[in-house]
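Engineer: quick check, what structure comes out for this input:
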Amino acid sequence: MTSTSFHLPIMELNDGNLQTLTEYLQKTLSPDPAVRRPAEKFLESVEGNQNYPILLLTLLEKSQDEVIRVCAAVTFKNYIKRNWRIVEDEPNKISDPDRTAIKANIVNLMLTSPEQIQKQLSDAISILGREDFPQKWPDLLTEMVNRFQSGDFHIINGVLRTAHSLFKRYRHEFKSNELWSEIKLVLDTFAQPLTELFKATIDLCQTHATDVNALKVLFSSLTLISKLFYSLNFQDLPEFFEDNMETWMTHFHNLLTLDNKLLQTEDEEEAGLLELLKSQICDNAALYAQKYDEEFQPYLPRFVTAIWNLLVTTGQEVKYDLLVSNAIQFLASVCERPHYKHLFEDQNVLTSICEKVIVPNMEFRSADEEAFEDNAEEYIIRDLEGSDIDTRRRAACDLVRGLCKFFEGPVTGIFSGYVSSMLTEYAKNPGVNWKHKDAAIYLVTSLASKAQTQKHGITQANELVNLCEFFVNHILVDLKSPSVNEFPVLKADAIKYVMTFRSQLPKEQLLEAVPLLVAHLQAESIVQHTYAAHALERLFTMRGANNATLITPAEMAPFTEQLLNNLFKALAIPGSSENEYMMKAIMRSFSLLQEAIVPYIPTLIGQLTHKLLLVSKNPSKPHFNHYLFESLCLSIRITCKANRDTVGSFEEALFPVFTEILQNDVQEFVPYVFQVMSLLLEIHTSSIPSSYMALFPHLLQPVLWERTGNIPPLVRLLQAYLEKGATTIASTAADKIPGLLGVFQKLIASKANDHQGFYLLNSIVEHMPPDSITQYRKQIFILLFQRLQSSKTTKFVKSFMVFINLYCVKYGAIALQEIFDDIQPKMFGMVVEKIIIPEVQKVSGQVEKKICAVGITKILTECPAMMDTEYTKLWTPLLQALIGLFELPEDDSIPDDEHFIDIEDTPGYQTAFSQLAFAGKKEHDPIGDAVNNPKILLAQSLHKLSTACPGRVPSMLSTSLPAEALQFLQGYLQAATVQLV
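Structural biologist: Residues are numbered from 1 along each chain as shown. This next block holds a predicted model:
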């Protein structure tokens with residue numbers, strides 16, 4: 001079936017198009033990339049057409065095939081995610097009729113769809129809502145609230161789910177007047193009906209107390225209502241909820257103590273409805289206890305009692321994890337508020353909390369052991385990255401820290417006893433009792449750590465715990481054990497201990513640990529070798545005296561070969577082929593060792609390139625891929641620093657893979673490839689290699705420039721082409737110059753990317769042979785003026801100023817004046833008066849200021865029109881502005897209406913630009929050593945001008961230059977040992 005009908009700007013709503021769409025959606029589900037990729041590309045190519053979203057909604061409503069319905073729903077949601085937001089200067093990607101039709105139908109569609117589709121559409125509504133609600137979608141809430149009357153809980157839960165996805169952003173938005181007025185609007189419309197629904201649902205639970213299916217639906221409603229309560233109360237305590245606190249808190253308390261046998265689940269893993277509801281209520285109580293403690297005081301004691309009872313009576317099964325951790329978090333948030341300190345002062349209460357709540361929840365359960373062995377990635381994310389917010393161990397740790405705020409002595413005392421007895425138990429029979437030691441290490445860690453940062457590990461420790469002693473007596477033994485694979489959990493604990501307390505342990509202990517950690521990279525356990533890599537990576541970033549790395553390449557010399565071998569070998573262990581911690585450790589080792597890695601690079605680059613080829617087939621781990629490219633950049637930099645001629649061998653190794661990535665348009669990797677190519681090309685000293693020239697025309701294809709993430713690296717790559725091969729381009733690819741200028745024209749039109757357009761333009765002016773661009777010059781200036789007239793922003797004016805001064809430096813002041821006056825008579829004077837003089841103070845950056853200073857000096861001293869025409873009145877003010885640029889602080893004020901123009905703010909959800917730190921570009925100074933000190937240049941140029949027309953310069957200065965400016969100028973003349981005549 002041909003797809004020509006799709007290329008019309010409007011897609012007809014007919015069966016043929018529905019059929020075509022169905023076939024392509026079917027193909028996007030194929031596991032075979034050769035089928036899937038083209039289908040995805042096709043859908044991407046037609047999504048700009050009117051009616052496309054309406055066709056998707058029609059399919060998800062009417063298709064007979066359940067899979068296609070769900071697929072259409074997911075595709076629709078992702079389409080909305082990418083395109084709904086309207087970005088200034090960018091074309092509106094969804095037509096207005098489509099926007100109106102979507103908003104008119106989506107709520108109804110969502111409420112009448114099966115649950116799987118309902119969830120997707122509910123997410124889509126929350127994206128629409130984030131952009132359009134309340135201004136552009138005022139009736140959304142009333143439409144939703146009216147459905148509460150329907151009595152049909154499938155519909156009601158749909159409304160609640162959507163409201164939850166709309167309102168949950170209130171939990172992490174910054175306070176603002178806009179946010180307040182939106183929340184107020186929501187409360188006025190929603191709070192009362194929500195409270196009525198809450199009461200009615202609780203009554204229905206009584207009525208249907210014996211009907212398990214009805215209860216399931218009602219309890220999922222109660223959980224959603226409780227989540228909405230949390231979102232609506234998060235920013236501040238609303239008056240409505242304060243007035244109705246009795247209703248809400250009484251019911252919450254009753255629900256916490258409720259135990260309905262019908263809702264208990266057999267499943268040990270999956271939390272049931274009762275657990276989910278109670279967990280959310282614990283969260284709500286913690287919110288009130290923390291933020292609104294005065295108003296909540298009358299209710300607090302009964303919640304503490306109810307939650308305490310919950311904790312003491314709930315089992316160790318995984319399904320209770322969220323409930324238990326939220327309940328413990330509630331106690332943690334209460335115990336560190338001075339208001340409630342008295343509840344915990346009694347030694348018996350503390351002992352009881354330690355014994356009944358903290359110690360049991362620190363145990364390493366069989367479920368944790370299974371995760372450690374069979375689901376390492378999940379385990380690592382939970383344990384290392386702190387996303388284990390809902391694990392019992394993390395909550396118990398937080399409770400220990402909370403209690404230590406007021407009761408550090410007694411708590412440390414109670415736990416020291418536990419730690420000793422756990423270690424004694426372990427020593428009796430290590431093979432059987434190893435979990436006791438694990439719990440002991442965990443307890444010591446939670447007691448010792450008061451403040452932690454990602455960068456330094458633990459920064460403040462409890463004085464009562466001797467960390468070095470514990471390291472020597474209990475940690476080193478596990479690290480030194482001859483069998484790397486025995487007791488992997490304890491080994492992982494030991495490695496984590498080194499990593500956690502790296503800022504507290506003395507350097508000699510860290511150096512003792514390094515070779516041991518290198519050996520652990522070979523462990524079979526994924527968690528264990530990952531922790532070893534992560535620990536090494538963190539140790540290598542530590543700084544010692546005078547900001548050098550704490551561990552030096554010389555100290556690493558004995559282990560360098562072993563380290564590199566083991567890191568790369570670990571990537572071959574099943575389950576770690578794309579281990580981001582391993583790759584980050586490779587990057588960090590390269591960075592630390594510098595030239596010590598040169599002998600190994602010939603072998604390593606092959607392994608890195610092979611890995612790149614494999615992951616480019618299906619990129620799924622963004623961090624791994626990022627560190628892989630960083631490691632490539634480091635290999636190139638370090639090796640070529642030692643010997644520039646090796647650049648060719650890198651190109652031989654990398655270009656075949658790069659070609660494949662660019663031909664298959666692997667979107668995630670394209671920006672990286674451009675950065676590495678820039679780095680390689682910038683290293684070349686002689687002319688530009690033909691392999692680069694062959695690629696040049698492809699870099700100008702408009703489709704590449706459509707993706708925001710490609711723009712910064714592509715501009716940098718084109719700048720490298722211009723720097724190394726401008727003459728080659730002028731002689732062999734002159735027909736591509738209009739394409740190059742087309743890119744500049746596209747970039748200059750966008751407020752977000754105009755600075756990138758100037759980077760490109762500046763390189764063209766600086767490097768292209770003058771006669772190759774003569775015919776385009778006037779058009780370039782006209783485009784810039786049009787943009788100045790349509791939207792003059794500070795960022796644009798700063799870039800424009802640097803460009804005209806660079807042009808002046810390159811082609812001379814007369815050429816600059818003539819091109820302006822050629823466009824329109826007296827235009828040059830207007831630019832000097834209206835732009836250069838008032839705005840030059842805003843220019844920032846060393847090199848940029850230097851360019852402007854040299855350019856303005858030329859205008860003052862090498863442009864006859866400034867001396868002999870109506871422009872002469874501007875001479876002194878321009879000189880004053882230049883002295884201001886030298887002497888006054890930079891003017892970094894930005895008009896109020898421009899604060900939103902954020903360079904990095906990439907619209908939509910496409911892969912934004914990921915800057916490679918080790919592909920960094922050196923700052924380039926187009927003027928270079930020709931001018932070292934612009935102030936001296938000004939003095940010398942004024943001297944030269946005054947000898948050409950004696951008497952003129954001093955008289956212009958004495959009549960209208962302020963005394964202070966004159967004083968600075970005298971200083972420059974003295975420094976240059978010249979005078980004016």
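Engineer: can you give me how far the helix ranked longest in the chain is from the chain middle?
Structural biologist: Counting residues, the longest helix found in the chain (DSSP state H) is helix 392-428. Taking CA atoms, centre = their mean, to the nearest Å, the mean C-alpha location of helix 392-428 is offset from the chain mean by 36 Å.
Engineer: what's the first helix or strand after that helix?
Structural biologist: Using DSSP states H and E, the helix or strand that follows helix 392-428 in sequence is helix 430-448.
Engineer: what sits closest to Leu567 if chain neighbours are left out?
Structural biologist: Nearest non-adjacent residue to Leu567, counting by CB to CB, 6 or more residues apart in numbering: Ile586, 5.1 Å away. All C-beta spots, glycine's among them, are computed from the backbone N, C-alpha and C.
Engineer: that neighbour: neighbouring residues, count only.
Structural biologist: A count of neighbours around Ile586, defined by other CB atoms under 10 Å, yields 27.
Engineer: pretty sure it contacts Glu630?
Structural biologist: No: counting by CB atoms under 8 Å, Ile586 does not reach Glu630; the two are 9.1 Å apart.
Engineer: now the residue nearest to Leu567: how far from Ser635?
Structural biologist: According to CB to CB, to the nearest Å, Ile586 stands 10 Å off from Ser635.
Engineer: again with Ser483
Structural biologist: Ser483 is 34 Å from Ser635, where distance means CB to CB.
Engineer: was I right about Thr195 contacting Glu246?
Structural biologist: No: if you go by CB under 8 Å, Thr195 and Glu246 don't touch, sitting 11.3 Å apart.
Engineer: between those two, which has more neighbouring residues?
Structural biologist: Each of Thr195 and Glu246 has its neighbours counted (other CB under 10 Å); Thr195 has more, 18 against 10.
Engineer: quick check: that one vs Thr247, distance?
Structural biologist: For Thr195, the distance to Thr247 equals 7 Å [CB to CB].
Engineer: just Cys282 next, same as before
Structural biologist: From Cys282 to Thr247 the distance is 19 Å (CB to CB).
Engineer: now do Gln675
Structural biologist: Gln675 is 59 Å from Thr247, by CB to CB.
Engineer: neighbour count for those two, which is higher?
Structural biologist: Ranked by neighbour count (other CB under 10 Å), Gln675 and Thr247 place Gln675 first, with 25 against 14.
Engineer: ok, that one - contacts?
Structural biologist: 629, 633, 713, 716-717, 915-916, 919 (CB atoms under 8 Å, 6 or more residues apart in numbering).
Engineer: and Leu55, by the same measure?
Structural biologist: Counting by CB under 8 Å, 6+ apart, Leu55 touches 11, 13, 17-18, 21.
Engineer: ok, Gly544 next?
Structural biologist: Contacts of Gly544 (CB under 8 Å, 6+ apart): 507, 550.
Engineer: quick one: mean pLDDT over the helix or strand harbouring Ile202.
Structural biologist: Counting by DSSP H and E, the element that carries Ile202 is helix 177-207. On average, the pLDDT along helix 177-207 is 95.
Engineer: mind listing what's buried along it?
Structural biologist: Buried residues in helix 177-207, counted by 16 or more other CB atoms under 10 Å: 182-183, 186-187, 189-191, 193-195, 197-198, 201-202, 204-205.
Engineer: how about stretch 697-706?
Structural biologist: Buried residues in stretch 697-706, counted by 16+ other CB under 10 Å: 699-700, 704-705.
Engineer: so, low pLDDT: which residues of the stretch 501-650 of the chain?
Structural biologist: Residues of the stretch 501-650 of the chain meeting the criterion pLDDT under 70: none.
Engineer: who are the packing partners of the host helix or strand of Pro656?
Structural biologist: In this assignment (DSSP H and E), Pro656 forms part of helix 647-663. Using 3 or more CB pairs under 8 Å, 6 or more residues apart in numbering; DSSP states H and E, the elements in contact with helix 647-663 are helix 601-616, helix 622-642, helix 670-683, helix 690-699.
Engineer: now do the same contact list for Leu187.
Structural biologist: Counting by CB under 8 Å, 6+ apart, Leu187 has contacts 232, 238, 240.
Engineer: mind putting those residues into TSV with distance to Ser176 and neighbour count?
Structural biologist: Listed next are the contacts of Leu187 as TSV, based on distance: CB to CB, whole Å; neighbours: other CB atoms under 10 Å:
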residue	distance to Ser176	neighbour count
Leu232	17	20
Pro238	17	17
Phe240	21	17
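Engineer: got a markdown table for those, with pLDDT too?
Structural biologist: Formatted as a markdown table, the contacts of Leu187 follow (pLDDT from 0 to 100):
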| residue | pLDDT |
| --- | --- |
| Leu232 | 97 |
| Pro238 | 96 |
| Phe240 | 97 |
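Engineer: hang on, the earlier thing: the helices and strands packed on helix 647-663: which one's closest to Leu874?
Structural biologist: helix 670-683 (40.1 Å; CB to CB).
Engineer: C-alpha coordinates for that closest one, CSV please?
Structural biologist: Extracted in CSV, the C-alpha atoms of helix 670-683 (Å, rounded to 0.1, in the frame of the first residue of the first chain):
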residue,chain,number,x,y,z
VAL,A,670,24.6,11.5,16.5
PRO,A,671,25.4,14.6,18.8
TYR,A,672,28.2,12.5,20.4
VAL,A,673,29.7,11.5,17.1
PHE,A,674,29.8,15.2,16.0
GLN,A,675,31.7,16.1,19.2
VAL,A,676,34.3,13.4,18.8
MET,A,677,34.8,14.3,15.1
SER,A,678,35.3,18.0,16.1
LEU,A,679,37.9,16.9,18.6
LEU,A,680,39.7,14.8,16.0
LEU,A,681,39.5,17.5,13.3
GLU,A,682,40.7,20.3,15.6
ILE,A,683,43.9,18.2,16.3
